[in-house]
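K.L.:
coords please:
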Amino acid sequence: MAVIAVCSVKGGVGKTTLAVDLAWRSAVAGQHRTLLWDLDSQGGAGFLLGHDEPRVPRAASIFQRDGKPRQLIEPTAYPGLSLLPGDTSLRGLPGALARLGPKRLANMTGFLRPDFDRIILDCPAGYNELTEQVILAADLLIVPLPPSPLSARSLDMLRRDILRVHHRHPPILPVLSMFSSRRMLHRAVRDGDAAGWPVIPFASLIEQMAVRRAPLGAFSPHVDAARALARLWHGIEAKLATRKAA
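P.N.:
Below you'll find the model as predicted:
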């Protein structure tokens, strides 16, 4: 079982759309039993998969010592893909985790290990106690960054923050998101500080995920953006295989 976290210190970089599409690829293309765990109080991952907001916000309750995460897991419309939805109760989660201990999230993903081959965490933007627990729980960190000269700096700051608290951390895979080849600045970032990073193009069809409430690969599998996401997923699987063999 592998835990893949999609996280970013900055919002608005396509984090949730990336997490949802990668989870779909894990289940449908990879044939892995996959759980998409939405840790964001906005509940965007569930929305993109066509799930309505829970009537009673209970997502944070499973983090208590007697919490039962399996009771809140929902099947999705896609074979092999399950959802642990987020809701507004998660707003106070960082503070609660500080009281529950630094390995609470890692212990919970371990508890779910028999049920899933892949757990994908959609994390809220920012850096706090939840982020630190995600780092302890994850086997791989996917960090989407916009095509800006500040992206490499943001990545370096994230690495420094992680190393300040953790002497060792899981591999970090930065992803250049919302890229437009028409913009000179975007091309300069891609060919400069972001050289070698996976690139996800800015595409109206990716935005359509919020309208259709479905992963891009499910309704437009042959467009350039979908092919870029497929390459990213294959790269993630290769990294996990290398990590396992090491």
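K.L.:
can you give me the strands in this structure?
P.N.:
Counting by DSSP state E, residue ranges of the strands within the chain are 2-6, 34-38, 74-75, 81-84, 118-122, 140-145, 172-179, 199-201.
K.L.:
now those strands in a markdown table, with distance to His234?
P.N.:
C-betas here are computed from N, CA, C, even on glycine. Below are the strands of the chain laid out as a markdown table (distance: least, C-beta to C-beta, whole Å):
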| stretch | distance to His234 |
| --- | --- |
| strand 2-6 | 13 |
| strand 34-38 | 15 |
| strand 74-75 | 26 |
| strand 81-84 | 18 |
| strand 118-122 | 14 |
| strand 140-145 | 13 |
| strand 172-179 | 12 |
| strand 199-201 | 14 |
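K.L.:
can you tell which of those is closest to Gly217?
P.N.:
Of all the strands of the chain, it is strand 81-84 that lies closest to Gly217, at 11.6 Å by C-beta to C-beta.
K.L.:
What strands line up against that closest one, and which way round?
P.N.:
With DSSP bridges as the criterion, the sheet partners recorded for strand 81-84 are strand 34-38 (parallel), strand 74-75 (antiparallel).
K.L.:
Tell me which of those strands is the most buried.
P.N.:
Neighbour counts (mean count of other C-beta atoms under 10 Å) averaged over each of the strands paired with strand 81-84 peak at strand 34-38, with a mean of 27.
K.L.:
which parts of the lowest-mean-pLDDT helix or strand in the chain are buried?
P.N.:
Confidence across the helices and strands of the chain bottoms out at helix 150-165, with a mean of 81, counting by mean pLDDT, DSSP states H and E. When burial is assessed from 16 or more other C-beta atoms under 10 Å, helix 150-165 yields the following buried residues: 151-152, 154-155, 158, 162.
K.L.:
That one packs against which elements?
P.N.:
Taking 3 or more C-beta pairs under 8 Å, 6 or more residues apart in numbering; DSSP states H and E as the contact definition, the neighbouring helices and strands of helix 150-165 are helix 129-137, strand 140-145, strand 172-179.
K.L.:
buried set for the longest helix anywhere in the chain?
P.N.:
For the chain, the helix reaching the highest residue count under DSSP state H is reported as helix 224-245. With burial defined by 16+ other C-beta under 10 Å, the residues of helix 224-245 counted as buried are 225-226, 228-230, 232-233, 236-237, 239-240.
K.L.:
relative orientation of that helix and strand 118-122 in degrees?
P.N.:
Taking axes from the mean of the first three to the mean of the last three C-alpha atoms, to 10 degrees, helix 224-245 and strand 118-122 form an angle of 120 degrees between their directions.
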